[in-house]
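J.: Sequence below, structure please.
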Amino acid sequence: MTPHTQPKNTMGKERLTAFFDAVLAIIITILVLELPKPAEPTWGAFTGLYREYFAFTLSFFWLGSLWIHQHDMWHHIKHIDAAVVRLSMLTLFFAAWFPYTTSWVNEEFYATVPQALYGLVAILVTISTIALNRSLVKANPDNLEFEHLTNSRNGWLAADLLIKAAGFALSFIYPPAAMLGILIAAAFINVAPRVRRQR
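T.: The predicted structure follows:
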């Protein structure tokens with residue numbers, strides 16, 4: 001292999017998607033295991049953990065949205081390359097921090113650093129997802145329909161990213177703003193494209 005030769009990717013799309021699915025499933029399972037149990041077997045103690053349940057629900061559905069997005073995108077492509085594999089791993093690396101940051105937010109809901117870190121992880125996953133989408137286009141240069149779809153989705157993700165970034169910045173003033181930014185961004189990215197298509 002010469003210094004200018006790139007190693008050839010030998011992994012198929014199906015194998016990569018199966019790996020992506022498995023890792024996300026493990027991450028979501030850890031989220032559940034990290035949920036604290038009520039101090040007493042009473043409804044009052046159960047409902048007293050509402051912040052923890054909010055953090056878990058937000059993380060669960062956010063990761064679920066990531067999984068749906070990736071499957072929808074990969075349904076349209078036939079080929080992957082080494083860049084797609086590397087960026088998939090990077091996306092999973094950032095996503096794997098969600099159980100840790102969610103657990104920390106559960107313990108210190110109104111603390112700046114846990115909330116800011118939670119928001120930062122979501123931002124990094126979004127950035128890596130945008131980069132992954134672009135790499136899928138490069139790996140399938142003849143699929144013009146997919147390129148158009150990706151450009152549209154990356155545009156929505158860029159707006160989504162701005163909302164998350166605003167929440168992250170505001171978390172240094174009001175810590176829960178990081179999670180609220182992610183919640184608003186999730187609602188935006190799931191509702192706005194549908195509203196536009198119906199016009």
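
J.: The protein: helices as residue ranges?
T.: Under the criterion DSSP state H, the chain contains helices at 13-33, 43-47, 50-74, 82-95, 98-107, 112-139, 144-170, 177-198.

J.: If you count contacts, what does the second one end up packed against?
T.: I take that to be helix 43-47. Of the remaining helices and strands, none touches helix 43-47 by 3 or more C-beta pairs under 8 Å, 6 or more residues apart in numbering; DSSP states H and E. (Glycine included, C-beta is placed from N, CA and C.)

J.: I'd like the average pLDDT over it.
T.: Averaged across helix 43-47, the pLDDT comes to 89.

J.: With the first one instead?
T.: The pLDDT scores in helix 13-33 average 92.

J.: Give the buried residues for that helix.
T.: Under the neighbour-count criterion of 16 or more other C-beta atoms under 10 Å, helix 13-33 has Lys13, Leu16, Thr17, Phe20, Val23, Leu24, Ile27, Ile28, Leu31 buried.

J.: what does that helix rub up against?
T.: Outside helix 13-33, the residues that touch it by C-beta atoms under 8 Å, 6 or more residues apart in numbering are 56, 59-60, 63-64, 66-67, 70-71, 74, 77-80, 84-85, 88, 92, 95-96, 98-99, 102.

J.: Of these, grab the buried ones for ChimeraX.
T.: Selection of buried members from the contacts of helix 13-33 for ChimeraX, criterion 16+ other C-beta under 10 Å:
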select :56,59,60,63,66,67,70,74,77,80,84,85,88,92,95,96,98,99,102
